[in-house]
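Asker: need a structure here:
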Amino acid sequence: MEFQKIYNFNPGIHYIKIILTKNLIDCSYMFNTCKYITDIKFINVNSNNVINMELMFYKCYNLKNLDISCFNTSKVKSMYCTFAHCYKLKYLDLTNFDVNKVENMYYMFSNCINLINLDISSFNTNNKDILGHIFDNTNNLQKVKVNKNFFDKIKNYIEENKLEIIN
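Answerer: Below you'll find the model as predicted:
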């Protein structure tokens, strides 16, 4: 099966374990609108050259568990809408994400309406202009683990929504 742009998976498939040694470069739209999938786990995936994660999990409405801890994001330039509309995600651990080269994080977590805890403590970027609408409609978000540098970029959102910051 080609792991580039997997559209509308079979409704009987709910769990995907991805074990790839193939060198991924473009992950955009990979699981776009895979509305039946509840669990995705990447294992030993060679993601060292990935440059695009736009809309990767966009509209994965039923996705509850996502393990991308093995992902290397050091070369990624776009994370536009990467997790947008993942309605059932409650927790997302992105401690391994290196976003230094990312140029677009617009709407990255928008409409993750059940997201409660988010660990983005590894996020470090000098450009706050890439963060537009990053947390739109994440009303249930309660705890965000964030470093000082990134906190300064999203401070207004955090204060407006009275989020608990974990350092």
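Asker: continuing past the helix-or-strand element of the chain with minimal mean pLDDT, what's the next helix or strand?
Answerer: Counting by mean pLDDT, DSSP states H and E, the chain has its least confident helix or strand at strand 15-19, which shows a mean of 69. The element immediately downstream of strand 15-19 (helix or strand, assigned by DSSP states H and E) is strand 39-43.
Asker: give me the residues contacting that next one.
Answerer: 14-20, 31, 57, 60, 63-71 (CB atoms under 8 Å, 6 or more residues apart in numbering). For every residue, glycine as well, the C-beta is placed using N, CA and C.
Asker: wasn't residue 145 part of a strand?
Answerer: Yes: when DSSP: H, G, I helix; E, B strand; the rest coil is applied, residue 145 is found to be in a strand.
Asker: residues contacting it?
Answerer: 117-121, 165-167.
Asker: let me see the ranges of the strands in this structure.
Answerer: 15-19, 39-43, 65-67, 91-93, 117-120, 143-146, 164-166 (DSSP state E).
Asker: redo these as CSV? Include distance to residue 75.
Answerer: Converted to CSV, the strands of the chain look like this (distance: least, CB to CB, whole Å):
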stretch, distance to residue 75
strand 15-19, 19
strand 39-43, 16
strand 65-67, 21
strand 91-93, 21
strand 117-120, 19
strand 143-146, 23
strand 164-166, 28
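Asker: looking at these, which has the lowest confidence?
Answerer: Among those, strand 15-19 carries the lowest mean pLDDT, a mean of 69.
Asker: any regions of the chain where pLDDT drops low?
Answerer: 1-13, 17, 19-21, 128, 167 (pLDDT under 70).
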